[in-house]
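Visitor: Quick one, what's the 3D model for this:
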Amino acid sequence: MSIYTRLISETVIPMSVIHRPIPSVLDESKVKSLMATIETEGDNPDLVPPIDVKWIVGRDPQNNYYFAFGGCHRFEAHKRLGLPTIRARIVKSTREEIKVYLGSSTPDFP
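Guide: Model (predicted):
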């Protein structure tokens with residue numbers, strides 16, 4: 001848990017809404033270990049912490065965008081297991097914060 005998110009409560013979010021714009025560099029042994037843990041213990045908060053997800057509201061308040069830049073091994077383990085959701089801490093962010101990560105590739109957020 002980071003200092004940044006320690007006071008943010010966790011929730012469950014659909015995997016399908018999370019954008020991961022930066023390719024992950026994965027350690028296969030970590031992914032397999034997490035998969036085994038999730039399969040045997042479930043998504044136990046003591047064993048598999050939630051990922052941090054940055055949340056941006058578009059210019060149209062009905063449009064929500066979710067970005068994950070960390071938690072790549074946990075995300076990949078959930079993906080390979082075919083799980084529809086993942087536990088996450090949702091961090092309300094701004095376009096400017098996302099631009100730090102994506103530079104000129106930052107979406108317009110309609």
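Visitor: What distance do you get for the residue nearest to F109 when sequence neighbours are not counted to P49?
Guide: Leaving aside its sequence neighbours, F109 sits nearest to G58 (CB to CB, 6 or more residues apart in numbering; 4.4 Å). In short, each C-beta sits where N, CA and C put it, glycine included. Separation of G58 from P49 (CB to CB, to the nearest Å) stands at 28 Å.
Visitor: residues touching the residue nearest to R74 when sequence neighbours are not counted, list them.
Guide: Excluding its sequence neighbours, the residue lying closest to R74 (CB to CB, 6+ apart) is I51, at 5.5 Å. Listed by CB atoms under 8 Å, 6 or more residues apart in numbering, the contact set of I51 reads A68, G70, G71, R74, F75, I86, R87, A88, R89.
Visitor: tell me what the biggest helix by length in the chain is packed against?
Guide: Assignment by DSSP state H gives helix 28-41 as the longest helix of the chain. Packed against helix 28-41, as judged by 3 or more CB pairs under 8 Å, 6 or more residues apart in numbering; DSSP states H and E, are the following elements: helix 72-80.
Visitor: I would like the residues contacting the helix it packs on, please.
Guide: 15, 18, 20, 24-27, 30-31, 34-35, 38, 48-49, 51, 68, 85-86.
Visitor: pLDDT wise, what is the closest residue to S105 other than its chain neighbours at?
Guide: Taking CB to CB, 6+ apart, and ignoring the residues beside it in sequence, S105 has P21 as its nearest neighbour in space, at 7.0 Å. What the model reports as pLDDT for P21 is 93.
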